[in-house]
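Visitor: need coordinates for the following:
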Amino acid sequence: MEYKSRLQSDDMDYFFKAILSLQNIEECYRFFEDVATINEIKALAQRMHVAKMLEEKKTYTDIVEITHASTATISRVNKCLNYGSEGYNIVLDRLKEDNEDNEK
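Guide: Sure thing, here's the model as predicted:
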């Protein structure tokens, strides 16, 4: 079954195509610094860190201590990991595969 997002629109498609056109981390920094506030970018990065730690079975206490995320944020990310659209899981699995490939 094909996934259909509630967010889907021509504008969102264009935005995501722009992101997919980025070729390296420097280009990501350049684009995201222009398109979002520093706090917005840091919040997204924090959520990814929380997702990674949850996947590693870290406790909420450890996650709060290391990331300074609120328990509400941790809970929201955990809910997405378990019942969401699989977005975090797709990315975390690919990053894990890339890391394993780089270690070989």
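
Visitor: quick check: which element contains residue 92?
Guide: Under the criterion DSSP states H and E, the helix or strand holding residue 92 is helix 87-103.

Visitor: now do residue 54
Guide: Going by DSSP H and E, residue 54 is part of helix 38-55.

Visitor: what about residue 6, which SS state?
Guide: coil (DSSP: H, G, I helix; E, B strand; the rest coil).

Visitor: which residues of the protein score low on pLDDT?
Guide: 1, 104 (pLDDT under 70).

Visitor: can I see the domain layout of it?
Guide: Taking automatic domain parsing as the criterion, the chain consists of the domains 7-36, 38-103.

Visitor: dump those into a markdown table; add mean neighbour count as well.
Guide: Every residue, glycine included, has its C-beta placed from N, CA and C. Formatted as a markdown table, the entries for these read as follows, by neighbours: other C-beta atoms under 10 Å:
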| stretch | mean neighbour count |
| --- | --- |
| domain 7-36 | 11 |
| domain 38-103 | 14 |
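
Visitor: what angle do the helix holding residue 54 and helix 87-103 make?
Guide: An angle of 80 degrees separates the directions of helix 38-55 and helix 87-103 when computed by axes from the mean of the first three to the mean of the last three C-alpha atoms, to 10 degrees.

Visitor: now do helix 38-55: distance to the chain's middle.
Guide: The chain centroid and the centroid of helix 38-55 are separated by 6 Å under C-alpha atoms, centre = their mean, to the nearest Å.
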